[in-house]
Structures are given as structure tokens and as C-alpha cells.
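1. Sequence and predicted structure, then a few things I'm wondering about:
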Amino acid sequence: MNYSTAVFLINKHVRAVHVNYEPDRDDKSYSFKTLDETIIPGDFVIIPTDTRHKMTIGKVIAVDVDIDYDAPFQMKWIIGKVDQSQYKTTLDQEAVAITAIKAADVRKKRDDLRAAMLANDPDGNIKLLALSTTV
């Protein structure tokens, strides 16, 4: 018996989850344990590795999968689910700010150009043009 799977025998809330390291390789998924009942396919989770800072991010591709109690590998625990809500909120707020900044920039350029144009037209000839209704 693989003792890293023994917890499934003593705790009915432990779930087996398949996680993918590489987006285009569904054949590169690995099983992990979790007690988090909210994890669903499509979630990103932090998983332990033997590289970098001993952890990385993977994408959940299946939950509540069957396990092999005699598998030759040690089944590790998911460290946690990645909560992207604050990140998405920040991106949304930044998009609103950038839209406002772009509008202000266009308005300032238009106003600066209008002022420069009128300064170079001391006789007011531009104001006399038929299409000049906004000056």
C-alpha cells in the first residue's frame, strides 16, 4: 500500500484532484490531495514541487477522481487555491483609470492645439469659416 494515500481511508472529506502543469498537455496531469471542498475544474492551485521555491501553480482539470492505493508515487497535498478576485478587481479598476486618462489626454491635446491655432490666427479668419462652429 502507498501510505500517502492512507488518509483517504480515514477521512471521507479528502478529495483527489488532477492538476495540470502545462496548458496544452492534458496528458501531464498529476493527482493531489485536498480538504478544500470549493476547488473545481478550472481553478488554479499552488502545488508542491522539487524546483524553484518548492511550489508552483497548476490548473485543476478534474476533481473527486479515483485513486490507486498502490501507486508507486507519493501523493502530495495541494498547498492552496489561488484567489484571483483581488487581482481581477485591480485590473478592472486600472482599465477604468486608463480610459479616463486617455480621454483627458485627448481633451488636453485638442485644447492645446486649439489654443495654438487661435494664437496663430490674430485676424480671426478661422472663426469666419463655415465649418468652424466649435471654436
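-> Right, received. Where do you want to start? This one's a predicted model, so the numbers in the text were calculated from it and none came from an experiment.
2. contacts and neighbour counts: CA atoms only from here.
-> Fine.
3. where does the protein have low pLDDT?
-> 26, 133-135 (pLDDT under 70).
4. Find the centremost residue of it, please.
-> Centroid-nearest residue in the chain, with CA atoms, centre = their mean: residue 84, separated by 5.9 Å.
5. which parts of the host helix or strand of residue 108 are buried?
-> Per DSSP states H and E, residue 108 falls inside helix 85-119. Using 16 or more other CA atoms under 10 Å as the test for burial, helix 85-119 gives residue 118.
6. quick one: that helix to chain centroid distance?
-> Helix 85-119 sits 25 Å away from the centroid of its parent chain (CA atoms, centre = their mean, to the nearest Å).
7. Give me the next element, helix or strand, following it.
-> Remark: after helix 85-119, the chain's next helix or strand is helix 125-128, criterion DSSP H and E.
8. For that following helix, buried residues please.
-> Those would be residue 126, for helix 125-128 by 16+ other CA under 10 Å.
9. Remind me what it packs against, helices and strands.
-> The criterion is 3 or more CA pairs under 8 Å, 6 or more residues apart in numbering; DSSP states H and E, and there are no helices or strands that helix 125-128 contacts.
10. Break the chain down into its domains, please.
-> Structural domains annotated on the chain: 3-82, 87-128, as defined by automatic domain parsing.
11. ok, now which ones touch the closest residue to residue 44 other than its chain neighbours?
-> Distance criterion CA to CA, 6 or more residues apart in numbering; nearest residue to residue 44, sequence neighbours excluded, is residue 59 at 4.5 Å. Listed by CA atoms under 8 Å, 6 or more residues apart in numbering, the contact partners of residue 59 are 19-21, 23, 41-45.
12. for residue 54, same thing?
-> Residue 54 is in contact with residue 48, counting by CA under 8 Å, 6+ apart.
13. any idea how far it is from residue 47?
-> Note on residue 54: its distance to residue 47, by CA to CA, to the nearest Å, is 9 Å.
14. On the three-state scheme, residue 59 is what?
-> Assigned by DSSP: H, G, I helix; E, B strand; the rest coil, the conformation of residue 59 is strand.
15. Report the beta-bridge partners for it.
-> Beta-bridge partners recorded for residue 59 (DSSP bridges): residue 20, residue 44.
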